[in-house]
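Asker: model this:
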Amino acid sequence: MPPLHLRSAVEALLFSSDQPLTLAMLADALDAAPEQVTEVLLALGDEYRARGAGVEVREMAGGWIVRQQTGLFSTA
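Answerer: Predicted structure coming up:
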(Lines give C-alpha, C1' and ligand atoms only; values in the text may rest on other atoms or scores of the structure.)
Protein backbone atom coordinates (compact mmCIF):
# COMPACT_ATOMS: atom_id res chain seq x y z
CA MET A 1 0.00 0.00 0.00
CA PRO A 2 1.50 3.37 -1.02
CA PRO A 3 2.07 6.02 1.64
CA LEU A 4 -0.85 8.29 2.46
CA HIS A 5 1.13 11.29 1.23
CA LEU A 6 2.78 9.89 -1.88
CA ARG A 7 3.87 13.30 -3.14
CA SER A 8 5.74 14.09 0.08
CA ALA A 9 7.30 10.62 0.16
CA VAL A 10 8.59 10.92 -3.43
CA GLU A 11 9.97 14.37 -2.70
CA ALA A 12 11.74 13.13 0.44
CA LEU A 13 13.37 10.25 -1.41
CA LEU A 14 14.58 12.55 -4.18
CA PHE A 15 16.07 15.05 -1.75
CA SER A 16 17.77 12.33 0.28
CA SER A 17 19.62 10.86 -2.70
CA ASP A 18 22.69 12.23 -4.43
CA GLN A 19 22.14 9.85 -7.37
CA PRO A 20 19.23 9.56 -9.82
CA LEU A 21 16.58 7.11 -8.62
CA THR A 22 14.93 4.91 -11.23
CA LEU A 23 11.17 4.82 -11.53
CA ALA A 24 11.27 1.15 -10.54
CA MET A 25 13.27 1.97 -7.38
CA LEU A 26 10.87 4.72 -6.37
CA ALA A 27 7.76 2.65 -7.07
CA ASP A 28 9.17 -0.35 -5.20
CA ALA A 29 10.31 1.70 -2.20
CA LEU A 30 6.89 3.34 -1.94
CA ASP A 31 4.81 0.28 -2.86
CA ALA A 32 3.12 2.38 -5.52
CA ALA A 33 2.33 1.86 -9.19
CA PRO A 34 4.95 3.35 -11.53
CA GLU A 35 2.19 5.40 -13.18
CA GLN A 36 1.35 7.01 -9.83
CA VAL A 37 5.00 7.85 -9.20
CA THR A 38 5.41 9.30 -12.70
CA GLU A 39 2.37 11.50 -12.14
CA VAL A 40 3.85 12.78 -8.88
CA LEU A 41 7.28 13.41 -10.44
CA LEU A 42 5.76 15.46 -13.25
CA ALA A 43 3.52 17.38 -10.83
CA LEU A 44 6.50 18.21 -8.60
CA GLY A 45 8.44 19.48 -11.61
CA ASP A 46 5.52 21.64 -12.68
CA GLU A 47 5.10 23.01 -9.15
CA TYR A 48 8.79 23.93 -8.83
CA ARG A 49 8.74 25.65 -12.25
CA ALA A 50 5.53 27.55 -11.53
CA ARG A 51 6.87 29.09 -8.33
CA GLY A 52 10.35 29.77 -9.70
CA ALA A 53 12.04 27.38 -7.27
CA GLY A 54 15.80 27.12 -7.14
CA VAL A 55 15.57 23.37 -7.79
CA GLU A 56 14.10 21.23 -10.52
CA VAL A 57 13.07 17.60 -10.95
CA ARG A 58 15.05 16.12 -13.82
CA GLU A 59 15.08 12.78 -15.54
CA MET A 60 18.72 11.90 -16.17
CA ALA A 61 21.06 8.92 -16.25
CA GLY A 62 18.11 6.53 -16.29
CA GLY A 63 16.49 7.95 -13.16
CA TRP A 64 15.01 11.00 -11.46
CA ILE A 65 16.83 13.56 -9.34
CA VAL A 66 16.26 16.96 -7.72
CA ARG A 67 19.02 19.35 -8.66
CA GLN A 68 19.84 23.03 -8.68
CA GLN A 69 17.98 24.97 -11.34
CA THR A 70 20.11 25.37 -14.47
CA GLY A 71 21.39 28.93 -14.97
CA LEU A 72 20.51 30.05 -11.47
CA PHE A 73 23.88 31.66 -10.80
CA SER A 74 25.94 33.71 -13.20
CA THR A 75 29.66 33.05 -13.49
CA ALA A 76 30.62 36.70 -14.07
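
Asker: just confirm Val57 is within a strand.
Answerer: Yes: assigned with DSSP: H, G, I helix; E, B strand; the rest coil, Val57 falls within a strand.

Asker: tell me how far it lies from Met1.
Answerer: Distance, Val57 to Met1, using Cβ to Cβ, to the nearest Å: 24 Å. For the C-beta atoms, the positions are set from N, CA and C on the backbone; glycine is no exception.

Asker: so the two - more neighbours on which side?
Answerer: Val57 (22 against 6; other Cβ atoms under 10 Å).

Asker: just confirm Ile65 is within a strand.
Answerer: Yes: assessed by three-state DSSP, Ile65 belongs to a strand.

Asker: state the pLDDT value of it.
Answerer: As predicted, Ile65 sits at a pLDDT of 97.

Asker: that one against Leu13, yeah?
Answerer: No: in this structure Ile65 lies outside contact range of Leu13 using Cβ atoms under 8 Å: 10.5 Å.

Asker: next, show the common contact partners of those two.
Answerer: Contact criterion Cβ atoms under 8 Å, 6 or more residues apart in numbering; residues shared by Ile65 and Leu13: Leu21.

Asker: how many neighbouring residues does Met66 have?
Answerer: For the record, residue 66 is Val, not Met. For Val66, using other Cβ under 10 Å, the count is 20.

Asker: now do the SS call for the residue nearest to it when sequence neighbours are not counted.
Answerer: The spatial neighbour of Val66 that comes closest, neighbours along the chain excluded (Cβ to Cβ, 6 or more residues apart in numbering), is Leu14 at 4.4 Å. Secondary structure for Leu14, judged by three-state DSSP, is helix.

Asker: how close does Leu14 get to Trp64?
Answerer: Counting by Cβ to Cβ, the gap from Leu14 to Trp64 is 6 Å.

Asker: ok, Ala29 - contacts?
Answerer: Ala29 touches Leu13, counting by Cβ under 8 Å, 6+ apart.
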